[in-house]
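>>> Whatever this is, show me its structure:
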Amino acid sequence: MTIVLIAGLTDAIDGAVARAFRVATSAGAYFDPIVDKIFLSTVYIILATTGSIPWWLTIEIFVRDALILVSAGTLFVSNRMRRFPPSIWGKFSTFLQIALALLVLISRAYPGSELSLWRHTFIWPAAAATAFSGFHYLWRSLQDLNIRQKKPVAADFTS
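Presented below is the predicted three-dimensional model:
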């Protein structure tokens, strides 16, 4: 529990400092979300393996993340987009996923506390936000592809 809390806090501080002092790098913007997803995915695999959360939620999170990776990769490879910034819905679902993981970890550290009740209640909003953000990313990717395909190509009359 302590490791997850410290990792989350240091990640938030790191991002805030980079933005405040405008020292964000393109490598950091690229790798930070990947590292965050790997860390959160590892936490969810462990929680599902121990029976602390349902496997279907872990699978849903993985499917959404795979959808994001495929969408971003497709847009990048096709030279249609170089940036794939997170949406407010993606950030919200990630926030709920982190909050749920912390609730589960805290309730396991303090069994019988009221947090055990909250953890079961919190699964559904986290699942709904994850599904909604996945559909939103898919919709946004399709919109970006359509917009870029419909842009007229400038004719080259110089030759």
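
>>> Okay, now the unreliable bits of the protein?
1, 26-30, 79-84, 147-159 (pLDDT under 70).

>>> how about the helices of it, start to end?
Applying DSSP state H to the chain gives helices spanning 2-20, 26-49, 55-77, 88-109, 115-150.

>>> can you redo those as CSV with mean neighbour count?
Placement of C-beta: from N, CA and C, glycine included. Putting those into CSV (neighbours: other CB atoms under 10 Å) gives the following:
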stretch, mean neighbour count
helix 2-20, 12
helix 26-49, 15
helix 55-77, 16
helix 88-109, 19
helix 115-150, 15
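
>>> what residues are up against the residue positioned nearest the centre of the chain?
What sits nearest the mean C-alpha location of the chain, by CA atoms, centre = their mean, is Thr94, with 5.0 Å. Contact analysis of Thr94 by CB atoms under 8 Å, 6 or more residues apart in numbering lists 36, 40, 86.

>>> quick one: which of those residues is nearest Ala12?
Asp36 (10.5 Å; CB to CB).

>>> Contacts only, for the closest one.
Neighbours of Asp36 in contact, by CB under 8 Å, 6+ apart: 11, 94.
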